[in-house]
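Student: A structural model of the following input is requested.
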Amino acid sequence: MFSVIQPPRQEQGLKGQIRDKEQVMIKRIVLFLTILILVSSCVQVTQRETVPLKMPEQFSEGGDTPLQPDWWLYFNDTGLTKTIDLALSGNFNLLVAQDRLAQAMAVARRTGAERSPNLDGRGLARESWSKQDETTTATTLNLELAASYEIDLWGRLRARTEAASFDVGARQGDLYTAAITLTSGIGTVWYQIAEIKKEQILVTEQRVLNEKILQIITAQYKAGQVGIADVMQQKGLIEKNNGELIGLRTRLRILEQQLAVLIGRAPGTEVLDTPVKLAEIPPLPDTGIPIDLVMNRPDIRSAYLALLAADQRVAEAVANKFPKLSVSAELSTGGQNGSDLFNNWFSSLAGNLVGPIFDGGFRQAEVDRTQAVSSQYFHQYGQTIIEAISEVETALVQEKEQNNLLENLGIRLELAQATVERVGERYRQGAEDYQRVLTALLSFQGLQTEMLRARQKLIDYRIGLYRSLGGQIELPEPEIAGAEVEMSFAGQSK
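Tutor: Purely as a prediction, here's the structure:
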């Protein structure tokens, strides 16, 4: 601990001597600090590779259409676009991610402020009364200024500031990851609703057809051409259609509630836009090369920045094992009135060097902990990259095979339709029994439903591909809800 104190002096000679001693002491302090800074060195931080593992050279499939973050525009569906726009400004999970980003930015500003000098001021006015023979009044005015600054010898404050800055980037990546997850979830629910509506129409048409067939069979039964079992089986087929419609209505209501929640609305509070048809699949996007995922996927960027932040916290923990150097200065003055304030003053300049001698291994344990945390984030980063590559490949394989399945279903549906027509004709001629008719009819109607669901599944796989390729979606300007609450309180206090 070293300090310089300047007490007030009335004599001019004493003031000069004190000033000379003060300058000598300041020079010694500056020289001492300079030597410390020159012989010290910042703690080195691990240099990380952007890609910590071997990447494949290319994906199994790829198109020519440039990839854009706003993937839903490829579908040319105005209803879907409007719904996603509502969700990007109203979904509460997305707003939570925006709030976390705002918190991280505030922490980064607060942490960065620790590297700046600190200046505090204090003013005091005191009036006192005393009475012996007569009452006397005394007035005292005091003004104090105190400044302090920590010299970042080992890079401790720098490491903390860098860690907070990387945290901001990681939270930003989390925000864009939440946006991609939200939009893809809306797209999936949107076209599931479209598929259910199409299926409701299909089942209704099937029921109308089955009712017409029932009329024919009933007439044949009354004419004694067929037995009652044929009539009962056809009625059972109609009831099957009725049961399917009940299940479809239930699924539709649940999906509409899910869509409302994704938009940020309470279910049942307003009528939402819903799709009217299934979209045509856009051309396959240009998937690029796997290394592009490191730049395009916000969750990968978030994992990488979290790793860099963890490395900086290791550096901070190591720097905490070494001494801390800070300087401080104080100035105080006082008097009985304002004109006397600087006639009687006191100032001091001090340097403080504090270092650990024995802490029971506390600081080393913190170093070990932060190193383990850094190792954890390194492995999480690698796992995130592997899973991202797998998601892209999975989506590509699913879409390719789903197209093959749709082609197969188309062939089977044509054959089933021809079979129904042929068997129905032979049944009316009395050459086939009803069981063949029923089997052919069930097969045909089942394939119609399967074809419809397969088309929706293909859309789902394409949305999954867009989601796995990543991108940074443009988001509306966030608003802090707490600011509105504070204004409300301010209005109530007036």
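Student: part of a strand, is V271?
Tutor: No. Read with DSSP: H, G, I helix; E, B strand; the rest coil, V271 is coil and lies in no strand.
Student: Any stretches of the stretch 301-450 of the chain with poor pLDDT?
Tutor: 334-343, 345 (pLDDT under 70).
Student: what's the neighbour count on the residue nearest to L255 when sequence neighbours are not counted?
Tutor: Closest residue in space to L255, ignoring its immediate chain neighbours: I193 at 5.0 Å, by Cβ to Cβ, 6 or more residues apart in numbering. (Each C-beta comes from the backbone N, C-alpha and C, glycine too.) Neighbour count of I193, defined by other Cβ atoms under 10 Å: 21.
Student: Show the pLDDT at I193.
Tutor: pLDDT recorded at I193 is 96.
Student: Over to the one 10 residues further on?
Tutor: For V203, the pLDDT comes out at 95.
Student: same thing with E114?
Tutor: Here the pLDDT value assigned to E114 is 85.
Student: Contacts only, for P117.
Tutor: 147-149 (Cβ atoms under 8 Å, 6 or more residues apart in numbering).
Student: mind listing what's buried in stretch 231-238?
Tutor: 231, 234, 237-238 (16 or more other Cβ atoms under 10 Å).
Student: Now intersect those residues with the strands, please.
Tutor: Using DSSP state E, no member of these falls within strands.
Student: I'd say F59 and E393 touch.
Tutor: Yes. At 6.5 Å, F59 counts as touching E393 under the criterion of Cβ atoms under 8 Å.
Student: hey, where'd the helices end up in the chain?
Tutor: For the chain, the helices defined by DSSP state H cover 12-39, 78-90, 92-113, 156-222, 228-263, 293-296, 298-319, 362-428, 434-469, 481-493.
Student: count of residues packed around I385?
Tutor: Neighbour count of I385, defined by other Cβ under 10 Å: 23.
Student: isn't it right up against M295?
Tutor: No. Judged on Cβ under 8 Å, I385 makes no contact with M295 at a distance of 11.7 Å.
Student: care to break the protein down by domain?
Tutor: 1-39+118-151+326-355, 52-115+154-321+378-482 (automatic domain parsing).
Student: Most tightly packed of those?
Tutor: Across the domains of the chain, averaging neighbours per residue (mean count of other Cβ atoms under 10 Å) puts domain 52-115+154-321+378-482 on top, at a mean of 17.
Student: got the domains of the chain as JSON lines, with distance to T370 columns?
Tutor: Converted to JSON lines, these look like this (distance: least, Cβ to Cβ, whole Å):
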{"stretch": "domain 1-39+118-151+326-355", "distance to T370": "20"}
{"stretch": "domain 52-115+154-321+378-482", "distance to T370": "4"}
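Student: Enumerate every residue touching Q402.
Tutor: Remark: with contacts taken as Cβ under 8 Å, 6+ apart, Q402 is in contact with 454, 457-458, 461.
Student: and with 10 Å instead?
Tutor: 281, 454-455, 457-462 (Cβ atoms under 10 Å, 6 or more residues apart in numbering).
Student: Would you mind giving the contacts of P117 as TSV with distance to L202 and pLDDT added?
Tutor: Below are the contacts of P117 laid out as TSV (distance: Cβ to Cβ, whole Å; pLDDT from 0 to 100):
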residue	distance to L202	pLDDT
A147	79	84
S148	77	84
Y149	76	83
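Student: Distance to A87 added to those, as TSV?
Tutor: As requested, the contacts of P117 are arranged in TSV below (distance: Cβ to Cβ, whole Å):
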residue	distance to A87
A147	50
S148	49
Y149	48
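Student: Give me the angle between the longest strand along the chain and helix 156-222.
Tutor: Criterion DSSP E: the longest strand present in the chain is strand 135-151. When axes from the mean of the first three to the mean of the last three Cα atoms, to 10 degrees is applied, the directions of strand 135-151 and helix 156-222 differ by 70 degrees.
Student: Neighbouring strands - and their directions - for strand 135-151?
Tutor: According to DSSP bridges, strand 135-151 forms sheet pairs with strand 118-131 (antiparallel), strand 324-335 (antiparallel).
Student: Put the alpha carbons of the first one into PDB.
Tutor: The C-alpha trace of strand 118-131 is given here as PDB (Å, rounded to 0.1, in the frame of the first residue of the first chain):
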ATOM      1  CA  ASN A 118     -15.100   5.100 -11.500                       C
ATOM      2  CA  LEU A 119     -15.800   8.500 -10.200                       C
ATOM      3  CA  ASP A 120     -18.200   9.100  -7.200                       C
ATOM      4  CA  GLY A 121     -19.300  12.400  -5.700                       C
ATOM      5  CA  ARG A 122     -20.800  13.300  -2.400                       C
ATOM      6  CA  GLY A 123     -22.200  16.600  -1.100                       C
ATOM      7  CA  LEU A 124     -23.100  17.400   2.500                       C
ATOM      8  CA  ALA A 125     -24.700  20.400   4.100                       C
ATOM      9  CA  ARG A 126     -25.000  20.500   7.900                       C
ATOM     10  CA  GLU A 127     -26.400  23.100  10.200                       C
ATOM     11  CA  SER A 128     -26.100  22.700  14.000                       C
ATOM     12  CA  TRP A 129     -27.200  24.700  17.000                       C
ATOM     13  CA  SER A 130     -25.800  24.900  20.500                       C
ATOM     14  CA  LYS A 131     -26.600  26.900  23.600                       C
END
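Student: contacting residues around that strand?
Tutor: Outside strand 118-131, the residues touching it (Cβ under 10 Å, 6+ apart) are 135-150, 326, 328-332, 334.
Student: measure the closest residue to V51 other than its chain neighbours to A365 for me?
Tutor: Excluding the flanking residues, the one nearest V51 by Cβ to Cβ, 6+ apart is V294, at 5.9 Å. Look at V294 and A365: by Cβ to Cβ, to the nearest Å, they are 34 Å apart.
Student: Could I get the contacting residues of Q234?
Tutor: Q234 touches 210-211, 213-218, 221, 434, 437-438, 441, counting by Cβ under 10 Å, 6+ apart.
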